[in-house]
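Asker: Need a 3D model of the following:
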Amino acid sequence: MASRSSGQVALRALPLWFWWVSVAVFALAPVMLLLTSGHRSAAFLTLVSLGYAVGLGRKLQQRSAEREQAAHVAQGTVPSWSLLKVEAVELVEDDWPGLVRVRLVDANGRAATFVDKIPIFFEEFTSATALPAPGHVRCWVVDSTRDGTGRKLVVSTVMDGVTSEDGRDEFHVRPDQVEAPHGVWDRS
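Answerer: Below is the predicted model of the structure:
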């Protein structure tokens, strides 16, 4: 049983180019045989079937990887992205995609401001939007700490390249300032 699972791990570790070479060598041989014997329509149908099978195989591999990732996220073994609450304080530029200045007040009361494209912080935001307006920036929850004032989360906004105007991308925030779609950071 152990050798079987180690064999499965070895198969997963094979590079993608190996699979393409295998397809070229073993699957194209019948196509070449059909072409040399004059069965062009059968060779064409075989190629179409082969292309469909390769595409279907890739889609199945992608779905399997997504399920595996989701299982790790649900177990809390892989960090999941979260949404850090911010508020818009100024529309800097209205032309598409637009620039907006948002503010974050961290758990220590220290304010940080960010200027970036509107879609980084908002799904819908126009020049008619009343300010201040609540928004979000994607983040990773890097750590969770406790001190005399309670629990704090350490978050990083580096995943979308968002840094504050003073150059920071890591912040200590209260748990209520973070929305976690997968709930991973909420484990004690």
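
Asker: now the most centrally placed residue in the chain: how far from residue 26?
Answerer: Centroid-nearest residue in the chain, with C-alpha atoms, centre = their mean: residue 81, separated by 7.6 Å. Computed with C-beta to C-beta, to the nearest Å, the distance linking residue 81 and residue 26 is 41 Å. Every residue, glycine included, has its C-beta placed from N, CA and C.

Asker: Contact partners for the residue nearest to the centre of the chain?
Answerer: By C-beta atoms under 8 Å, 6 or more residues apart in numbering, the contact list for residue 81 reads 138, 139, 140, 159, 181.

Asker: Now, of those, which are buried?
Answerer: 139, 140 (16 or more other C-beta atoms under 10 Å).

Asker: quick one: which of the contacts of residue 81 is nearest residue 106?
Answerer: Proximity of the contacts of residue 81 to residue 106, judged by C-beta to C-beta, is greatest for residue 139, which lies at 12.2 Å.

Asker: Where does the prediction get shaky in the chain?
Answerer: For the chain, applying pLDDT under 70 flags the ranges 1-16, 19-20, 23, 27, 52-58, 60, 65-66, 69-80, 181-188.

Asker: Could you find which two of the contacts of residue 81 are furthest from each other?
Answerer: Spatial extent of the contacts of residue 81 (C-beta to C-beta) is set by the pair 159 and 181 at 13.6 Å.

Asker: Please name the bridge partners of the residue lying closest to residue 132 once chain neighbours are set aside.
Answerer: Closest residue to residue 132 apart from its sequence neighbours, by C-beta to C-beta, 6 or more residues apart in numbering: residue 87 at 4.3 Å. Here residue 87 shows beta-bridge partners residue 103, residue 134, assigned using DSSP bridges.

Asker: for residue 87, what are its contacts?
Answerer: Residues near residue 87 by C-beta under 8 Å, 6+ apart: 102, 103, 132, 133, 134, 135.

Asker: who's in contact with the second one?
Answerer: Applying C-beta under 8 Å, 6+ apart, we find residue 103 in contact with 86, 87, 89, 111, 112, 113, 114, 132.

Asker: Could you pull out the helices in the chain for me?
Answerer: According to DSSP state H, the chain carries its helices in the segments 2-12, 16-22, 28-36, 40-75, 118-121.

Asker: Quick one: buried ones out of the contacts of residue 87?
Answerer: By neighbour count, with 16+ other C-beta under 10 Å, the contacts of residue 87 hold 102, 103, 133, 135 as buried.

Asker: wouldn't the last one be in contact with residue 122 here?
Answerer: Right, residue 135. Yes - here residue 135 reaches residue 122: they are 4.9 Å apart, a contact under C-beta atoms under 8 Å.
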